[in-house]
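Enquirer: The following comprises the amino acid sequence and a computationally predicted model.
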Amino acid sequence: MTSTLPSGLSARQAAPVTTPIPVSLRIRERLQKEGIPFLANDNISDHLREGELDQLEIEVAGKVRDLLRSLVIDIENDHNTEETAERVAKMYLHEVFKGRYHEQPKIASFPNVKQLDEIYTVGPISIRSACSHHLVPILGNCWIGIKPGERVIGLSKFSRVADWVFSRPHIQEEAVIILANEIERLCQPLGLAILVKAQHYCMKWRGVKEPQTSMVNSVVRGDFRHDPSLKQEFFELVRQQEALLST
Ligand SMILES: Nc1nc2c(ncn2[C@@H]2O[C@H](COP(=O)(O)OP(=O)(O)OP(=O)(O)O)[C@@H](O)[C@H]2O)c(=O)[nH]1
């Protein structure tokens, strides 16, 4: 039989080049196999293997480079966008969406030795997130009210856990619930209330271009839910904390 190979090429040299499976595909297949959800606001850090986050950063940078090319931006000659792809990949994986790929910060809880049962509020805690629909910023503040149970956590830890939860693509309604679940898991309070006020840049910067509109929502659980006066006290304390901001 006549060889179809170009002269001088051995069969071994002409073997089809196998393209490596993209790391994101490997991770997605693993998650699907194990039945682990990987929605935009889920954290998948427990399911990433050593070195995969670095490989993801390289893969994402390549895709962002393609996106810039598709937007007809001359990244080969434009000194300003030359390294934009690498910056954007790093920003998504380690900054603005770090709450998807990085573990929850270590948060120690302590026994509520004195059996404290008065409510307290912490806030404003700045929140930085992005909407799942357009991936543009959601910026605002949140307030957390606690009626302690058996355990308490340090005040700064509310900011840390909020930052971790909000650093994912979200819709505000779900973000508040996810934050509430995490706080309940960390300190099992007898009551928990969370209020979020945020501006959505998908409404300010584009779309309807409403510069002042914000979204306000809350979640109340446990004693805050069952006792209307406690709930009212929470909102009153938040009002007082807000008033402090303008003094
Ligand atoms: N409920 C809710 N909606 C949000 C949130 N963030 C953004 N949105 C809205 O989600 C919607 C996305 O809807 P689509 O109609 O598919 O997107 P679109 O055509 O770009 O919409 P426009 O923003 O009206 O231009 C928009 O109305 C946003 O304002 C959020 O946290 N909660």
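Expert: Now that the structure is in, tell me what you want to look at.
Enquirer: Might you enumerate the residues of the chain proximal to the ligand?
Expert: When proximity is defined by C-beta under 6 Å from any ligand atom, the chain lies next to the ligand at Cys131, His133, Ile171, Gln172, Glu173, His200, Cys202, Met203, Gly207, Val208. Quick note: C-beta positions are derived from backbone N, CA and C, even for glycine.
Enquirer: tell me the SS of the fifth one?
Expert: Spelled out, that is Glu173. helix (DSSP: H, G, I helix; E, B strand; the rest coil).
Enquirer: Taking the centroid of the chain, which residue is nearest it?
Expert: Centroid-nearest residue in the chain, with C-alpha atoms, centre = their mean: Arg168, separated by 1.9 Å.
Enquirer: List the contacts of that one.
Expert: Counting by C-beta atoms under 8 Å, 6 or more residues apart in numbering, Arg168 touches Ala40, Asn41, Asp42, Asn43, Phe97, Gly99, Arg100, Ser129, Ala130, Ala175.
Enquirer: quick one: secondary structure of whatever residue of the chain ends up closest to the ligand?
Expert: The ligand sits closest to Gly207 of the chain, with a gap of 3.1 Å, by C-beta to the nearest ligand atom. On the three-state scheme (three-state DSSP), Gly207 is labelled coil.
Enquirer: Skipping adjacent residues, who's closest to Leu192 in space?
Expert: With sequence-adjacent residues excluded and distances taken as C-beta to C-beta, 6 or more residues apart in numbering, Leu192 is closest to Arg221, at 4.6 Å.
Enquirer: Break this structure into its domains for me.
Expert: 23-101, 109-245 (automatic domain parsing).
Enquirer: Pick the most buried one from those.
Expert: Across the domains of the chain, averaging neighbours per residue (mean count of other C-beta atoms under 10 Å) puts domain 109-245 on top, at a mean of 17.
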